[in-house]
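Trainee: What follows is a predicted protein model with its sequence.
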Amino acid sequence: MASVKIIGLVVGAVAVATLVVNSTFAEDTRYAAPTTASVPGPTAKARVVRVSAEDFKFDAPDAIPAGLTDFRFLNKGPALHHMQILKLESGKTVDDLRAALRKPGPPPAWVKEVGGPNAPAPGLESNATVMLEPGNYALICFVDLDGPPHFMKGMLQGLRVVPATGLVAPDPTPDVTVTLLDYSYKFSSPIQKGLRTIRVTNEGVQHHEIELVKLAPGASVSDFMKWIAKMEGPPPGKPLGGISGIGTGMSEYFSADFTAGNYALICFLPDTKDGKPHFAHGMVQQFTVN
């Protein structure tokens with residue numbers, strides 16, 4: 001599975017004229033000099049880009065401007081999908097990536113994971129706020145729960161990010177920060193009910209992700225992981241999204257509307273040493289929202 005908004009304010013000052021009054025009227029408030037005031041200036045926001053996925057293709061723009069980008073990812077299903085963003089460095093293109101994916105082994109050094117919205121259940125929308133620099137990128141789905149990875153079925157698309165002008169949107173203000181470690185999650189504070197913005201920061205040596213799952217009443221994360229292994233019967237949880245794979249030192253944001261109940265964070269990415277998914281190394285955590 002390989003795996004949340006965003007408003008800045010530029011404040012401008014407004015000059016005011018000082019009234020010159022006769023000392024006779026100095027104490028008359030009708031003639032008092034007005035105080036200096038300020039009014040809000042232009043507001044810079046993250047650019048919203050909508051992408052949908054279905055079996056087995058992306059519906060996404062071919063090119064977008066650089067900068068802070070709020071990706072809204074709708075899974076039209078019926079299979080599970082996510083949107084991993086890859087930056088293609090050294091002038092490489094999506095055709096070069098296709099050729100590289102045909103070969104066994106790890107991806108080439110010019111492929112860089114830069115996150116994106118992780119997998120929501122069919123019919124749901126997930127999101128991720130990502131800072132993108134100009135260059136060549138690819139959107140890819142690595143989900144392989146139902147056979148070959150979805151990129152082998154057509155879920156691989158190029159994306160050009162072109163230089164942009166104008167105001168620079170500031171990073172979102174998070175409610176909670178979740179730090180990714182090798183191999184655990186660390187919360188800056190408990191997540192409370194309501195619409196929350198989560199900052200995800202990777203301080204591990206390896207790449208990591210967050211797949212957020214709302215567990216069914218009475219179910220545990222252990223129940224969900226057992227179901228993943230066989231996928232028999234109704235799932236004991238619903239995938240909500242999160243952040244797809246990011247490299248060490250990177251940060252991204254996503255938002256979710258948390259209702260009371262039990263949730264889980266899971267990292268499905270393969271370990272760079274032994275190839276096992278990170279949840280097999282303990283990178284899975286259950287938490288409760290009251």
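Mentor: Happy to help now that I have it. This structure is a prediction, so every number in the text was calculated from the model and none was measured.

Trainee: quick one: the helices in this protein?
Mentor: 94-101, 221-230 (DSSP state H).

Trainee: Could you name the helices and strands sitting against the last one?
Mentor: Translated: helix 221-230. strand 208-215, strand 237-246, strand 261-266, strand 284-289 (3 or more Cβ pairs under 8 Å, 6 or more residues apart in numbering; DSSP states H and E). For every residue, glycine as well, the C-beta is placed using N, CA and C.

Trainee: what's the neighbour count on Val48?
Mentor: 13 (other Cβ atoms under 10 Å).

Trainee: Kindly provide the distance from the closest residue in space to it that isn't next to it in sequence to Lys45.
Mentor: Distances taken as Cβ to Cβ, 6 or more residues apart in numbering place Asp70 nearest to Val48, at 4.8 Å, with adjacent residues excluded. Remark: distance between Asp70 and Lys45 (Cβ to Cβ, to the nearest Å) = 8 Å.

Trainee: between these two, which one's more packed in?
Mentor: Per other Cβ under 10 Å, whichever of Asp70 and Lys45 has more neighbours is Asp70, with 23 against 14.

Trainee: Now do the contacts for the closest residue to Pro107 other than its chain neighbours.
Mentor: Nearest residue to Pro107, sequence neighbours excluded (Cβ to Cβ, 6+ apart): Ala100, at 6.5 Å. Contact partners of Ala100, counting by Cβ atoms under 8 Å, 6 or more residues apart in numbering, are Pro107, Pro108, Val111.

Trainee: residues of stretch 84-92 that come out buried?
Mentor: Of the residues in stretch 84-92, Gln84, Ile85, Leu86, Lys87, Leu88, Lys92 count as buried by neighbour count, 16 or more other Cβ atoms under 10 Å.

Trainee: What about these, which are in strands?
Mentor: Gln84, Ile85, Leu86, Lys87, Leu88 (DSSP state E).
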